[in-house]
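1. this is a predicted model, with the sequence first.
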Amino acid sequence: MISLLVRIRLMIIKMILSLFLRILGKFVEIDDRLIIFSSFNGKTYSDNPRYLFEYMRDDEEFADYHFVWAFKKQKEISGTKSVKLNSLRYYYLLTKAKYWVFNAKMPTYYYKKSEQIYVQTWHGTPLKRLGHDIFDNGNTYYRSRLSYKKMLESYDQDSWRWDFLISPNVFASQAFVSAFKIREEKVLEVGYPRVDYLVNSRFDVNLDLIKARYGLPTNKKIILYAPTWRDNSFDVKGYKFQLIVDFHKWKKILGQNTIILFKPHYLISNVYQVPEDLTDFVYLMEANADINDAYLMSDSLITDYSSVFFDYANLNRPIYFYMYDFEEYEQELRGFYLNIPNDLPNDVITREDDLLVKINNEDFDYERLRKFNQKFNLWNDGKACSKVVKRIFNEN
């Protein structure tokens, strides 16, 4: 929990930064061919900003553009310059860039000039309620213990700056307008750029090469386990994830021809240590790694409340929902947009033994998955990047 004194200091720092950026904006001229990208507030090179950037980098039409990526820890990316997030140079470039491309809620003290264009790609179809759609039950929010009112303000102060919000489907568009209180005309309904990679690569990618890059065996069935974080489980370092599974049991029941690729959520701060006797069964993927490769490598997915299953469904592979704390999550935390389980491509499983039996028996309804995709993934035709570029960059 953050102390009152720390909160006051943070508030003062934000006020100073807000004033600084406004003053800086008066002296820095906008570069119409400069685009700044950031994914999950500088944590990763991934998600929709990555695939939009790579599309533009490889398009001769943008050969004279300048691309900048902002990272918390410096990375070298082909075709772009990188800058340390929250450095003086970053703030200078933030003020200078014509276009901002971000996929998460950004700090409230950012100052955007009217001539700049803020493209908010977001990072998933919402299963869990967001922003104004979260019920006020007296809870505080995030590690900073924001009140309900302050939590809403943190969304509102960013969303009013958005010029475009990319949507993956009609359902998400409706949820975004409600949650973020934005005008419908700001929503760009084209599908997610990151899904282009899945749609265009699933039949011609060399999976053995990808598996070798991640140190995975090429001759075994791979199950991707990708759970999300819990709003009420955190410490001073970040959100914590309590692993409520028995991987020893999984290994015994699923057999020697199966391995688990465990991909924690990027917000989870504690690192799972694979026991020595499971190193040939459980393979850990970095929380900040791009999950698209994990999708392609795996034969099926196990998740809980993460929105990863919306993207994964495009591959037409089995999805299992292991929600051991379903009642608590639904009633005491955020609640859902979807009618659970009817709107999902599979039923909710709350017992570990039932999960393993269903996987072992290959118990999965592909017709239910087809209907799910008809509702949620119709726009994913592999051309989302070109549609975004045409609508935003070509027309401006």
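-> Received, thanks. Computed from a predicted structure; not experimentally measured. Numbering: from 1, shown residues only.
2. how many neighbours does Ile359 have?
-> Other residues lying near Ile359 total 22 when counted by other Cβ atoms under 10 Å. (C-beta placed from N, C-alpha, C; glycine too.)
3. could you do Val101 as well?
-> For Val101, using other Cβ under 10 Å, the count is 28.
4. quick one: name whatever helix or strand follows the helix or strand hosting it.
-> Taking DSSP states H and E as the definition, one finds Val101 inside strand 97-102. Next along the chain after strand 97-102, taking DSSP H and E as the criterion, comes strand 117-120.
5. need the contact partners of that following strand.
-> 98-103, 112, 158-159, 161-166, 388, 392, 396 (Cβ atoms under 8 Å, 6 or more residues apart in numbering).
6. strand partners (parallel or antiparallel) of that strand?
-> With DSSP bridges as the test, strand 117-120 is paired with strand 97-102 (parallel), strand 164-167 (parallel).
7. got a list of contacts for the first one?
-> The list of residues contacting strand 97-102 from outside it, by Cβ under 8 Å, 6+ apart, reads 30-39, 49, 52-53, 68, 94, 112, 115-121, 392-393, 396.
8. which secondary structure elements does the helix or strand encompassing Ile210 contact?
-> Applying DSSP H and E as the criterion places Ile210 in helix 207-213. Here helix 207-213 touches helix 292-297, going by 3 or more Cβ pairs under 8 Å, 6 or more residues apart in numbering; DSSP states H and E.
9. which strands or helices does the helix it packs on pack on?
-> Secondary elements touching helix 292-297 (3+ Cβ pairs under 8 Å, 6+ apart): helix 193-201, helix 207-213, strand 221-226, helix 308-312.
10. so Ser178 makes contact with His132?
-> Yes: if you go by Cβ atoms under 8 Å, Ser178 and His132 touch, sitting 6.6 Å apart.
11. and the gap between the closest residue in space to Tyr320 that isn't next to it in sequence and Tyr148?
-> Nearest residue to Tyr320 in three dimensions, chain neighbours excluded: Ile302, at 4.8 Å (Cβ to Cβ, 6 or more residues apart in numbering). Noted for Ile302: a distance of 33 Å to Tyr148, by Cβ to Cβ, to the nearest Å.
12. who's more crowded, these two?
-> Ile302 (23 against 15).
13. is there a quick PyMOL command that grabs whichever of the contacts of strand 97-102 are buried?
-> In PyMOL syntax, the buried subset of the contacts of strand 97-102 is picked out as below (16 or more other Cβ atoms under 10 Å):
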select buried, resi 35+36+37+38+39+49+52+53+68+94+112+116+117+118+119+120+121+392+393
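14. so what's Asp59 up against?
-> Val389.
15. same thing with Tyr320?
-> Tyr320 touches Ser300, Leu301, Ile302, Thr303, Asn346, Ile349, Leu355, Lys358, Ile359, Phe364, counting by Cβ under 8 Å, 6+ apart.
16. now find how far off-centre the helix or strand hosting Lys252 is within its chain.
-> Using DSSP H and E, the element containing Lys252 is helix 247-254. Mean-position distance between helix 247-254 and its chain equals 29 Å (Cα atoms, centre = their mean, to the nearest Å).
17. immediately after it, which helix or strand?
-> strand 258-262.
18. how is this protein divided into domains?
-> 20-196+382-394, 197-376 (automatic domain parsing).
19. span of the first one from start to end?
-> End-to-end distance of domain 20-196+382-394: 32 Å, with Cα to Cα, to the nearest Å as the criterion.
20. thinking again about what came up before, need the overlap of contacts for Ser178 and His132.
-> Joint contacts of Ser178 and His132 (Cβ under 8 Å, 6+ apart) do not exist.
21. just name the most buried of the helices and strands packed on helix 292-297.
-> Stretch with highest mean neighbour count among these: helix 308-312 (a mean of 24; mean count of other Cβ atoms under 10 Å).
22. which residues touch that one?
-> Here helix 308-312 makes contact (Cβ under 8 Å, 6+ apart) with 124-125, 168, 192, 194-195, 198, 224, 226, 291-292, 295, 301, 303, 319, 321, 344-345, 376-377.
23. just to revisit the earlier point, any of the contacts of strand 117-120 buried? List them.
-> Using 16+ other Cβ under 10 Å, the buried ones in those are 98-103, 112, 158-159, 162-166, 388, 392.
24. which one of those residues is nearest to Asn137?
-> For the buried ones among the contacts of strand 117-120, the minimum distance to Asn137 (Cβ to Cβ) is 22.6 Å, reached by Ser159.
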